[in-house]
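Undergrad: can't give you the sequence, but here's the structure:
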């Protein structure tokens with residue numbers, strides 16, 4: 001039997017260690033919010049620091065910045081946003097960069113891409129975010145609508161192995 005003077009200290013140390021271990025377990029396993037959830041701080045979206053809270057969106061919007069098609073979780077799609085004010089030079093997405101000179105149009109410069117809305121966009125100007133996928137407005141929070149790609153400079157970032165990189169996707173975006 002242990003001397004009585006060590007028992008309270010030992011018990012307090014064990015209890016403290018148990019609480020510390022439990023706290024570490026909760027933080028490590030974390031309850032990451034889904035893409036598109038409301039937030040005030042980055043930690044509201046992920047305890048691991050791999051998601052951020054976009055406070056420019058109403059009520060905050062949990063997302064992953066600079067995503068690739070493979071980086072977004074199952075509930076989301078990677079969407080590239082091109083600044084609308086620079087979408088001024090028209091192009092033909094169906095024929096842009098076609099190797100057949102009789103068909104190809106090549107309206108965009110090598111550092112531009114012809115987006116599905118029919119405008120040349122600077123590749124460097126794109127901002128990519130994981131956005132919550134939806135099929136109708138009710139899939140989104142109240143301040144949001146289910147918007148489709150191909151409008152207002154929003155383009156789906158397709159996986160490299162995609163058979164249909166021009167496919168239309170729908171995502172929750174602030175109304176307006």
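TA: Nice, I can see it. Remember, it's a predicted structure, so these values are computed and weren't measured experimentally.
Undergrad: you'd agree residue 147 is in a helix?
TA: No: judged by DSSP: H, G, I helix; E, B strand; the rest coil, residue 147 forms no part of a helix; its state is strand.
Undergrad: how near is the nearest residue to it once chain neighbours are set aside to residue 133?
TA: By the measure of C-beta to C-beta, 6 or more residues apart in numbering, the closest residue to residue 147 outside its immediate chain neighbours is residue 173, 4.4 Å from it. All C-beta atoms are positioned from the backbone trio N, CA, C, and that covers glycine. Taken as C-beta to C-beta, to the nearest Å, the spacing of residue 173 relative to residue 133 amounts to 12 Å.
Undergrad: Ok, residue 155 next?
TA: Distance, residue 155 to residue 133, by C-beta to C-beta: 15 Å.
Undergrad: do the same with residue 101
TA: From residue 101 to residue 133 the distance is 39 Å (C-beta to C-beta).
Undergrad: one step back: right, and the residue nearest to residue 147 touches residue 129 too?
TA: No: because the distance of 10.0 Å does not satisfy C-beta atoms under 8 Å, residue 173 is recorded as not touching residue 129.
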